[in-house]
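> turn this into a structure:
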Amino acid sequence: MFAGGHFDSIASADGATDVARENIVGFSATTGAVVPFAPDVNGYVWAIEAKGKALYIGGSFTQVNGVSRPGLAKVNATTGQLIEGFAPSFRNGTITEIRMARGRLIVGGTYSGRLKAFDPKTGANTGYIALPVEGSVAGNAGATDVYRFAVSPSNRRLVAIGDFTSVGGAERWRAVMLNLGKNRAKVNAWSYQPLKRSCSASSVPNYLKDVDFSPDGSYFVLVATGFVPQVGRVGTDVCDAAARFDVGVPAPTAPAWINYTGGDTLHSVAVTGAAVYVQGHQRWLDNPEGQDSAGAGAVERPGIGALDPDTGAALGWNPGKSRAVGGKDMLVTASGLWVGSDGEYFGGELRPRIAFAPLP
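Here you go, the predicted model:
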């Protein structure tokens, strides 16, 4: 298992010693033992994609093992050595998402282009995604970017979120779906007009935080910050909420379902056949009437929770975790759910930063 972020050491499996590691670490998924893999990365690592014996890493770094690699690099997954044949040409910006699809390495971030497909061997731009990502949702939203994206299990669709108002010349505020064809990507007809609106917190205009597809690719789920919807918009506006959208509905007037926290941010989502897992610094779920409070029907789900994929209602699973700012990544494997966060406790046990919830 590999984990990235912003750190300079990681505890040994028994917690007795600290092992020096700069912003990326490898460890045994069964014992937690830290492995020798130790590339020298001089900045944050926000995205990791494994392929064969290599890891692609993205972030806000400028060098890997002393070699210039602004934001994107390829390293040997065993030794941590830089694979120098992979050398993307861009020279600035932050990478926040990486996925392999259709034989290409798709990369999102703030760099020039914001969403492109690179040759996984050389790092050259393949031209597969030639869709300008433009505009900003508000003057205080920061740089135009593609913050996160998810690729369907079939590798035929991609949903991206970020600070933008158009993609490939088509008006798309905050979220866009692409069709991933054999030779190039195109903008899909899917569009959700309420995403043009702001949530109650004007200080966080770029409010979508994560997206994930269902295992069958028939729907995806968005999670968000933004505080509560403006008056009269509960049920349509995705503000401090998780919302399901069905791929087969190109112009929905509302999500298939939406679950509100009542004013607390959701940072990450992971979808399985049995549940939609959501993580953030929320106190409650099932809370459409709450405004920084527990409204009628609210259920306590501190830091993490699970939703019914069909109805969106909170499931009974409630381990509880340290809320802190809130975890920004989760990973589903055949064995269970990996949870990365800035919290110290999970399920009442000390599990700082990384926790694992095995399947029953």
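> all contacts plus neighbour counts: C-alpha atoms, from now on.
Noted.
> tell me who's in contact with the nearest residue to Ile304 once chain neighbours are set aside.
Once flanking residues are discounted, Ile304 sits nearest to Gln279: 4.4 Å by Cα to Cα, 6 or more residues apart in numbering. Residues counted as contacts of Gln279 (Cα atoms under 8 Å, 6 or more residues apart in numbering) are Leu266, His267, Ser268, Val269, Gly303, Ile304, Gly305, Gly326, Gly327, Lys328.
> Gln279 in helix, strand or coil?
In three-state terms, and counting by DSSP: H, G, I helix; E, B strand; the rest coil, Gln279 is strand.
> cool, and Ile10?
strand.
> try Lys209
Going by three-state DSSP: Lys209 is strand.
> surely it is in contact with Val221?
No - the criterion here is Cα atoms under 8 Å, and Lys209 misses it with Val221 at 10.8 Å.
> who's more crowded, these two?
Neighbour count, other Cα atoms under 10 Å: between Lys209 and Val221, Val221 has more, with 26 against 22.
> which SSE is the more buried one in?
strand 219-224 (DSSP states H and E).
> ok, Asn259 next?
strand 257-260.
> what mean pLDDT does that strand have?
Taken as a whole, strand 257-260 carries a mean pLDDT of 98.
> partners of it in the sheet?
strand 241-246 (antiparallel) (DSSP bridges).
> hmm, who's touching stretch 15-30?
1-12, 33-45.
> so which of those are in strands?
Mapping the contacts of stretch 15-30 onto strands (DSSP state E) picks out Phe2, Ala3, Gly4, Ser9, Ile10, Ala11, Val45.
> farthest pair in the residues you listed?
Greatest spacing in the ones in strands among the contacts of stretch 15-30, by Cα to Cα: Ala11 and Val45 (18.3 Å).
> that older thread, tell me which residues are up against the strand holding Asn259.
Residues from elsewhere that reach strand 257-260 (Cα under 8 Å, 6+ apart): 235-236, 238-245, 285-288, 311-313.
> re earlier: format the ones in strands among the contacts of stretch 15-30 as CSV; extra columns: neighbour count and pLDDT.
Below are the ones in strands among the contacts of stretch 15-30 laid out as CSV (neighbours: other Cα atoms under 10 Å; pLDDT from 0 to 100):
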residue, neighbour count, pLDDT
Phe2, 17, 97
Ala3, 15, 97
Gly4, 19, 97
Ser9, 15, 95
Ile10, 18, 94
Ala11, 16, 91
Val45, 25, 98
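> which single one of those is nearest to Leu178?
Comparing the ones in strands among the contacts of stretch 15-30 against Leu178 with Cα to Cα places Val45 closest, at 25.9 Å.
> next up, the contacts around Val247.
Trp190, Gly217, Ser218, Tyr219, Phe220.
> quick check, the fourth one in contact with Pro250.
In other words, Tyr219. No - using Cα under 8 Å as the test, Tyr219 is too far from Pro250 to be in contact (11.5 Å).
> tell me which of the two has more neighbours.
The neighbour comparison of Tyr219 against Pro250 (other Cα under 10 Å) goes to Tyr219, with 19 against 14.
> quick one: distance of the strand holding Asn259 to the chain centre.
19 Å (Cα atoms, centre = their mean, to the nearest Å).
> give me the next element, helix or strand, following it.
strand 266-271.
> list the helices and strands that following strand packs on?
For strand 266-271, the packing partners by 3 or more Cα pairs under 8 Å, 6 or more residues apart in numbering; DSSP states H and E come out as strand 208-213, strand 219-224, strand 276-280, strand 329-332.
> can you check which of those strands gets nearest to Glu84?
strand 329-332 (28.3 Å).
> and that closest one, what other elements does it pack with?
Checked by 3+ Cα pairs under 8 Å, 6+ apart, strand 329-332 has strand 266-271, strand 336-340 packed alongside it.
> make it 10 Å
Under the contact criterion of 3 or more Cα pairs under 10 Å, 6 or more residues apart in numbering; DSSP states H and E, strand 329-332 touches strand 266-271, strand 276-280, strand 336-340, strand 354-358.
> roughly how far apart are Trp330 and Met100?
Slight slip there: residue 330 is Met, not Trp. Distance, Met330 to Met100, using Cα to Cα, to the nearest Å: 18 Å.
> my error: substitute Val221 in the last question.
Val221 is 20 Å from Met100, by Cα to Cα.
> where are the low-confidence patches of this structure?
360 (pLDDT under 70).
> can you pull up the most central residue in it?
Asp210 (4.4 Å; Cα atoms, centre = their mean).
> who's in contact with that one?
147-150, 160-162, 221-224, 242, 266-270, 278, 328-329 (Cα atoms under 10 Å, 6 or more residues apart in numbering).
> 6 Å instead?
Arg148, Leu222, Val223, Ser268 (Cα atoms under 6 Å, 6 or more residues apart in numbering).
> partners of it in the sheet?
With DSSP bridges as the rule, Asp210 is bridged to Val223.
> cool, Ile98 as well?
Assigned bridge partners for Ile98, using DSSP bridges, are Val107.
> with Ala306 instead?
Tyr277.
> burial of it, as a residue count?
23.
> was I right about it contacting Val276?
Yes - Ala306 is in contact with Val276 according to Cα atoms under 6 Å; the separation is 5.4 Å.
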